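Engineer: sequence-free structure coming up:
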């Protein structure tokens, strides 16, 4: 359904937000280290060579920005930040569909452990009960066959006894 309205832009990803924060930081750094302040620090040189002072300032700022950007890029590459930002965005996007709140620790370790362990232990208990029932059934059948075997032996002994007497 196209309603004719402009498409709603997706919220910027964490990688874009990070890049924007870095850019804002660099702008503020340049503002904080203004040309006016630089010229005041090197007042006597500025009075002699105003154009040269401006040129040195511009080069300094440019090199500083470049070197900061390179450092940040190195950190992003080493930490694989773009991939991590993207996977975090994906996790957050998938979590939007969940209605129930995510599990959070209560602050009481015993209760947290209990809440995690009880379902597992109940499941294990029902498994053990099932195995016990099976073993008890198995044992009952073995006991029946042992009794049947004993009865058969008793019958055979009686038969042997009877034949023995008949022979005599």
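Structural biologist: Cool, got the structure. In this text, all values refer to a predicted model and were calculated from it rather than measured experimentally.

Engineer: so for stretch 97-109, mean pLDDT?
Structural biologist: The average pLDDT within stretch 97-109 is 81.

Engineer: for that stretch, which positions count as buried?
Structural biologist: Of the residues in stretch 97-109, none has enough neighbours to count as buried (16 or more other CB atoms under 10 Å). In this view, the C-beta of every residue, glycine as well, is placed from N, C-alpha and C.

Engineer: ok, stretch 41-53 next?
Structural biologist: For stretch 41-53, by 16+ other CB under 10 Å, it's 46, 53.

Engineer: then stretch 80-87?
Structural biologist: So for stretch 80-87, counting by 16+ other CB under 10 Å, buried means 81, 85.

Engineer: so how far is that stretch off the chain centroid?
Structural biologist: 13 Å (CA atoms, centre = their mean, to the nearest Å).

Engineer: please renumber so the chain begins at 80
Structural biologist: Sure thing, new numbering starts at 80, so read that last one as stretch 159-166.

Engineer: what mean pLDDT does that stretch have?
Structural biologist: 90.

Engineer: quick one, helices of this protein?
Structural biologist: 93-111, 114-120, 122-127, 129-157, 160-174, 188-246 (DSSP state H).

Engineer: mind putting the ones you listed into a markdown table with distance to residue 182?
Structural biologist: A markdown table is the format used below for the helices of the chain (distance: least, CB to CB, whole Å):
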| stretch | distance to residue 182 |
| --- | --- |
| helix 93-111 | 23 |
| helix 114-120 | 52 |
| helix 122-127 | 63 |
| helix 129-157 | 31 |
| helix 160-174 | 12 |
| helix 188-246 | 8 |
